[in-house]
Structures are given as C-alpha cells and as structure tokens.
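S.K.: next comes the sequence, and after it the predicted model I'd like to discuss.
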Amino acid sequence: MPEHTAAQTPAEPEGGRWWQGAVLYQLYVRSWQDSNGDGYGDLRGLLSRLDHLSWLGVDAIWLSPTMPSPDQDWGYDVSDYLGVHPELGTLADLDELIREAGSRGMRVLLDLVPNHTSSAHPWFADALSGKDAEHRDWYVWADPAADGGPPNNWVSFTGDPAWTWHEPTGQFYLHNFLPAQPDLNWWHPPVHDAFRQILEFWFARGVAGFRIDVAHGLYKDALLRDNPPLEEGGTRLSGAYGQKMVYNANRPEVHGVYRDWRAIADRYQPPRLLLGETWVSSAAELAPFYGQDDELQLGFNFPFVFAEFTAEALAAVAADTAATLPATACPVWTASNHDVGRFASRWCGGDPRKMRLALLIMATLPGAFVLYYGDEIGMPDVAVPPDLERDPMTAGGLGGQPSRDRARTPMHWDASPSGGFTGAGKPWLPVGDPAACNVAAQRGDPGSLLHFTRDLIRLRKAEATQDLARYEQLTLDGGLWVYQTGPLLVAANLADTPAPLPQLPAQAGEVLLRTGDGREPALAPWEGLIARAGQ
C-alpha cells in the first residue's frame with residue numbers, strides 16, 4: 001500500500017453513527033471545477049472550492065467515480081479499483097482532499113462499482129484469453145441457447161440484449177449495462193476476497209465510506225432463468241423494456257455481501273459508511289438492505305425520488321418509509337442525482353417557490369438528506385444538443401431515456417460564459433445559463449435560495465438530533481401536508497391555492513423558518529414553514 005498521511009476526521013457523535021441526520025453532498029467531479037484549463041473538473045479544482053461546502057454546512061461529500069476508467073460510462077466502468085483517474089488527479093491529491101475536508105468538519109465518500117468492471121480491466125482481459133484463464137470465472141459466461149442466440153431474455157439498461165458473443169471462446173458474457181461493462185460473478189469466492197481488499201485499502205486511507213453503485217444487483221440467478229413480463233402499471237423501479245427484474249438483479253444472496261462489508265466497516269473508528277444505490281420500488285423491498293442493523297447504514301429511497309411533487313404522493317412515501325423500515329434504519333431523502341436529473345426541473349419546473357418547499361421537506365423528514373451539486377442554487381437541467389452529448393448510455397435518446405448529460409453540466413460559480421468552471425478551456429458539457437443562477441450572485445443576496453438552503457441546514461443541526469426522529473403525519477388535506485418529526489412541526493402547502501393557518505395544531509410553537517415572506521395569515525401557494533412542535 002502506498003504511504004500516506006492519516007486524515008483528520010471530524011468529531012464523532014455519541015455512538016459514532018455520524019450519518020444519522022447528516023447532510024451529504026453529491027459532487028460530480030468532472031463538472032465541479034477545472035483547475036488546469038482542459039475543460040474537465042478535477043480534484044485540484046475540488047480542493048479550491050471546499051470552502052463553499054463548509055460554508056453551506058454539509059457533513060460529507062460523495063464523489064462521482066474517481067478511479068481509473070476508459071470512460072465509456074464516465075467512471076462507472078472501472079479499470080483499476082486502487083487508483084485515481086489520471087485526468088482527475090493523483091492519490092496524493094485525494095489524500096490531501098480527505099485531510100482538507102476533515103479539517104473543515106467534512107468527510108469524503110467514494111463511488112464503488114462492484115456489479116461490473118470495465119472491459120479494459122486486467123481481470124476481464126485475462127478472462128477473454130480462454131475458458132481456463134485465472135479470471136474466467138470472475139465474470140458471468142454462458143453457452144448459447146439451442147437456437148444459437150443469447151442464453152436467456154435478459155436485456156441491458158439500454159434496451160439491447162444483455163449478452164455479447166465472444167467468438168474465440170464460444171460463449172456469451174453478461175453486461176447489464178454497456179458491452180464495455182461486463183458483470184462480475186459474485187458466486188465466485190475470489191471476487192469477494194478482491195473487494196474486501198479494495199474496501200480495506202480505501203478505508204485505511206481515511207475514506208469515510210462508499211456510495212455503492214447498483215447495490216441491488218451483484219448476484220444473478222444461478223440458473224439464468226428468463227425474466228417474467230412486467231405487470232401492467234409497472235414502473236421503471238420494478239422493471240424496464242417489458243421485463244420485471246427478477247433474475248438479473250434483486251437476488252437475496254446480495255445481503256450476505258453487505259453483512260460481510262458492514263463487519264469490515266465497523267472495525268474502523270469512526271465506522272465507515274455503506275450507502276447503497278438501492279433501485280427498488282417500495283419501502284418493503286428497501287428494508288432488507290438495512291438488515292438487522294448489520295448491512296447498509298443508508299439506502300436511497302427511490303420511490304421518493306420518482307414520486308409526483310404533490311402532498312398526497314410525498315406523504316404516502318414518507319408514511320410508508322416510517323412504517324416499514326427497521327426501527328434502527330436511517331432513511332435517505334433526495335430528489336436529484338446524475339442519473340435522474342435535477343429536482344429544480346423535474347419537480348419544480350423552475351418555480352423558486354417550489355424549490356424552497358422541496359428543500360424544506362427533504363431537510364425536515366427524519367434521516368439523512370442528500371443534495372446534488374447545484375441543488376442549493378436551484379440549478380436546472382440543461383438541454384444538451386445531440387451533437388454535444390457525452391453519455392453513451394443515453395445518447396440520442398437510447399433506450400427511450402432522456403440524456404443523463406442534462407444533469408451533469410458544469411457548476412455555476414459566477415455569471416461568466418463558463419460559469420467560473422474553467423478558464424481558457426472549453427467545458428466538456430454546455431454550461432447553460434449561469435447568469436440566471438450562480439453562487440456568486442446568490443452568496444451576496446441574503447434572500448437567495450443558497451442562503452435559504454444554508455439556513456435549513458443550520459436549523460437541522462440546531463434543532464434536531466443525531467437520533468432518529470419519529471415521523472407523525474398530522475394533516476393531509478388537499479395540498480396541505482402537516483407532520484411532526486422530533487422537535488419540529490412542518491406545514492407544507494403543495495397547491496396553487498392558499499391553505500389557512502388555523503389548520504395547524506394549536507400546540508405549534510415559534511415559527512423557525514418560512515419559505516415565503518410570512519405577511520399573509522395563511523400559507524401561500526407552494527409555501528412551507530417549520531415551527532417548534534411545542535409540548
């Protein structure tokens with residue numbers, strides 16, 4: 001292991017469960033800050049902007065993939081799990097980032113991709129060399145069906161067959177994503193051993209944990225059975241392209257992996273965090289990923305992400321989550337990421353009232369709160385022209401999906417043409433309209449969304465606790481949703497008409513924060529407030 005300096009870590013809450021109630025910030029490194037003029041963000045650029053995050057008050061930073069990769073899927077095709085992509089920086093840069101973030105009270109999480117590797121990974125290069133190769137069984141191989149075609153009906157997330165034929169060895173290999181991303185075979189014990197070493201390598205360097213890509217995947221049905229058809233009314237969380245993901249994902253054996261990893265994570269002080277991309281359609285399917293407080297500590301709540309921005313829809317997910325997750329589980333609330341787009345566009349349609357209300361709701365539901373870079377200033381999705389798209393997975397509407405590039409565009413630091421993202425370089429993706437929305441302008445305006453987001457985070461830390469807070473729905477009437485979580489009472493009006501304040505419980509105390517100006521004796525359309533719950 002290369003020499004490195006131990007990172008400074010923030011003070012620990014009692015019990016070391018620092019993720020309880022934490023505010024995490026997902027940072028797409030290539031679009032954060034370019035330090036060398038090549039048009040791509042990098043670790044040195046990230047270091048130069050750390051003070052923005054400490055001013056905002058976040059507890060941890062989740063970095064999009066930083067490991068070496070051919071970038072067929074922008075880092076989600078890993079060719080070396082123990083390094084740093086040379087276009088992003090060096091191991092020394094990452095060590096410095098961990099130290100500098102720690103000195104500001106923030107932790108650093110990396111993105112880990114255990115479902116598949118790059119086809120350029122040395123393991124797969126060896127696997128291609130023959131059926132007797134050392135790493136052949138590290139991947140999922142199968143003989144053709146009787147008709148000579150793929151062994152089953154599985155399709156990849158592009159809508160194409162999930163199998164690619166390898167003529168020299170006369171077998172197909174599995175890839176749930178691009179052909180350049182062959183799936184690992186988690187039935188093979190050496191794969192487990194390799195990833196234990198990967199976790200220990202990064203944890204020893206001071207990495208606070210991992211966001212685990214495709215956490216619901218990993219194991220595939222040992223018999224490679226056909227997926228059944230997707231039921232009528234099925235959502236993108238339960239299947240795609242007419243298939244329900246029964247045999248190529250969501251297999252029960254995956255929980256053994258996370259029990260193993262959790263035991264490793266808990267050996268460290270402070271404990272390391274496992275945050276899963278748990279792509280499941282209900283709280284009942286999410287709950288097993290927490291185990292008996294011995295698997296993932298956090299799992300993304302995608303039913304909330306994809307809910308309609310209505311009181312009825314959001315309250316239903318909140319109630320189901322509170323009723324279904326284990327008592328020790330910490331829910332996760334977010335509405336934007338690098339795959340699904342930005343909440344400012346998808347939920348709010350660019351309406352500042354709705355943006356404030358959405359942030360208020362996510363910041364007050366009990367659990368962890370994850371911001372995507374730019375959420376704090378209301379950055380919208382950017383319409384990327386087809387000739388400038390960079391994402392092979394969704395290029396030209398592949399698979400019927402909008403381009404994911406819309407939510408990966410450079411951060412708006414100021415109103416300059418490049419948004420302050422780069423100097424002389426051409427940004428790797430279009431910047432959009434930074435004059436309409438940027439950090440510099442909002443930092444100087446106490447009434448801005450940026451200041452509102454900071455106030456929300458400060459209120460969370462001042463009024464809430466690290467312990468899980470009980471969620472109780474008090475009112476759900478049309479667009480009015482009132483709930484209590486721990487010491488806070490929240491009223492949100494998700495409607496185009498005012499909601500009378502007398503409907504609030506009589507015991508409500510001092511109003512701590514309000515999204516509107518508070519001059520009306522009612523909640524204005526798309527207005528929310530936070531009050532002390534009282535006795």
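M.R.: Structure's in. What do you need?
S.K.: when you work out contacts or count neighbours from here on, use the C-alpha atoms and nothing else.
M.R.: OK.
S.K.: which stretches of the protein have low pLDDT?
M.R.: 1-15, 398-399, 464-468, 502-508, 535 (pLDDT under 70).
S.K.: find the centremost residue of this structure, please.
M.R.: Nearest to the mean C-alpha position of the chain, by C-alpha atoms, centre = their mean, lies residue 337 at 5.6 Å.
S.K.: looks like that one contacts residue 375 (just checking).
M.R.: No: in this structure residue 337 lies outside contact range of residue 375 using C-alpha atoms under 8 Å: 9.7 Å.
S.K.: show me where the stretch 151-300 of the chain has its strands.
M.R.: In the stretch 151-300 of the chain, the strands defined using DSSP state E, counting those that start in this stretch lie at 163-166, 171-174, 209-212, 239-240, 243-244, 273-276, 298-299.
S.K.: hang on, the earlier thing: check contacts around the residue nearest to the centre of the chain.
M.R.: Shown in contact with residue 337 (C-alpha atoms under 8 Å, 6 or more residues apart in numbering): 26, 372, 407.
S.K.: among the residues you listed, which are in strands?
M.R.: Counting by DSSP state E, these place 26, 372 in strands.
S.K.: out of the contacts of residue 337, who's nearest residue 474?
M.R.: Ranked by distance to residue 474 (C-alpha to C-alpha), the contacts of residue 337 are led by residue 372 at 29.6 Å.
S.K.: so how far is residue 71 from residue 475?
M.R.: Residue 475 sits 48 Å away from residue 71, taking C-alpha to C-alpha, to the nearest Å as the criterion.
S.K.: actually residue 306, not the one I typed
M.R.: The value you get for residue 306 to residue 71, if C-alpha to C-alpha is used, is 27 Å.
S.K.: those two: who's more crowded?
M.R.: Shown here are residue 306 and residue 71; by other C-alpha atoms under 10 Å, residue 306 has more neighbours (20 against 17).
S.K.: what sits against that one?
M.R.: Contacts for residue 306 (C-alpha under 8 Å, 6+ apart) come out as residue 335.
S.K.: same thing but at 10 Å, please
M.R.: The contact partners of residue 306, by C-alpha atoms under 10 Å, 6 or more residues apart in numbering, come to 235, 236, 237, 281, 313, 314, 335, 336, 340, 343, 346, 347.
S.K.: just the buried ones from those?
M.R.: 237, 281, 314, 335, 336, 340, 343, 346, 347 (16 or more other C-alpha atoms under 10 Å).
S.K.: now, which of the residues you listed sits nearest residue 95?
M.R.: Out of these, the member with the shortest distance to residue 95 (by C-alpha to C-alpha) is residue 336, at 27.7 Å.
S.K.: I'd guessed that closest one sits against residue 407; true?
M.R.: Yes: using C-alpha atoms under 10 Å, residue 336 is in contact with residue 407, at 8.5 Å.
S.K.: what touches both of these two?
M.R.: What both residue 336 and residue 407 touch, as defined by C-alpha under 10 Å, 6+ apart, is the set 342, 343, 345, 372, 373, 374.
S.K.: for the first one, which non-adjacent residue is closest in space?
M.R.: Looking back up the chat, that one is residue 342. Residue nearest to residue 342 in three dimensions, not counting chain neighbours: residue 336, with 4.6 Å by C-alpha to C-alpha, 6 or more residues apart in numbering.
S.K.: how close does the one you found sit to residue 53?
M.R.: For residue 336, the distance to residue 53 - C-alpha to C-alpha - is 17 Å.
S.K.: hmm, residue 208 and residue 202 touching each other?
M.R.: Yes: using C-alpha under 10 Å, residue 202 makes contact with residue 208 at a distance of 8.6 Å.
S.K.: thinking again about what came up before, and the contacts of residue 337 as TSV, adding neighbour count and distance to residue 330?
M.R.: Listed next are these as TSV, based on neighbours: other C-alpha atoms under 10 Å; distance: C-alpha to C-alpha, whole Å:
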residue	neighbour count	distance to residue 330
26	21	18
372	23	19
407	27	27
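S.K.: closest to residue 482 out of the contacts of residue 337?
M.R.: Looking across the contacts of residue 337 and measuring by C-alpha to C-alpha, the closest to residue 482 is residue 372, at 25.8 Å.
S.K.: gap between the closest one and residue 116?
M.R.: 24 Å.
S.K.: one more: residue 373?
M.R.: 26 Å.
S.K.: with residue 149 instead?
M.R.: 23 Å.
S.K.: of these two, who's got more company?
M.R.: More crowded of residue 149 and residue 116, by other C-alpha under 10 Å: residue 116, with 24 against 14.
S.K.: surely the more buried one and residue 173 touch.
M.R.: No: checked against C-alpha under 10 Å, the pair residue 116 and residue 173 is beyond contact range at 11.6 Å.
S.K.: give the contact list for the residue nearest to residue 342.
M.R.: Neighbours of residue 336 in contact, by C-alpha under 10 Å, 6+ apart: 26, 305-306, 342-347, 370-375, 407.
S.K.: can you do 6 Å?
M.R.: 342, 343, 372 (C-alpha atoms under 6 Å, 6 or more residues apart in numbering).
S.K.: which of these sits closest to residue 272?
M.R.: residue 372 (21.3 Å).
S.K.: the closest one and residue 26 touch, don't they?
M.R.: Yes: counting by C-alpha atoms under 6 Å, residue 26 is a contact partner of residue 372 at 4.7 Å.
S.K.: what about residue 477, neighbour count?
M.R.: 13.
S.K.: so what pairs up with it in the strands?
M.R.: residue 480 (DSSP bridges).
S.K.: from residue 225, how far off is it?
M.R.: 46 Å.
S.K.: same check on residue 191?
M.R.: 23 Å.
S.K.: can you verify residue 344 is assigned to a strand?
M.R.: No: applying DSSP: H, G, I helix; E, B strand; the rest coil, one finds residue 344 to be helix, outside a strand.
S.K.: my read: it touches residue 380, true?
M.R.: Yes: Residue 344 sits in contact with residue 380 when judged by C-alpha under 6 Å, with a separation of 5.4 Å.
S.K.: more neighbours: these two, which one.
M.R.: The neighbour comparison of residue 344 against residue 380 (other C-alpha under 10 Å) goes to residue 344, with 26 against 23.
S.K.: could you find the closest non-adjacent residue to residue 181?
M.R.: Using C-alpha to C-alpha, 6+ apart, the nearest residue to residue 181 is residue 118, at 4.8 Å.
S.K.: what about that neighbour, which helix or strand?
M.R.: Residue 118 is part of no helix or strand when elements are defined by DSSP states H and E.
S.K.: any idea how far it is from residue 220?
M.R.: The value you get for residue 118 to residue 220, if C-alpha to C-alpha is used, is 18 Å.
S.K.: comparing these two, which shows the higher neighbour count?
M.R.: Higher neighbour count among residue 118 and residue 220: residue 118, with 28 against 24, using other C-alpha under 10 Å.
S.K.: didn't the more buried one look like it was pressed against residue 179?
M.R.: No: the criterion here is C-alpha under 6 Å, and residue 118 misses it with residue 179 at 9.0 Å.
S.K.: now do the contacts for the nearest residue to residue 91 once chain neighbours are set aside.
M.R.: The shortest distance from residue 91 to any non-neighbouring residue, by C-alpha to C-alpha, 6+ apart, is to residue 84 (5.8 Å). Shown in contact with residue 84 (C-alpha under 6 Å, 6+ apart): 66, 67, 68, 90, 91.
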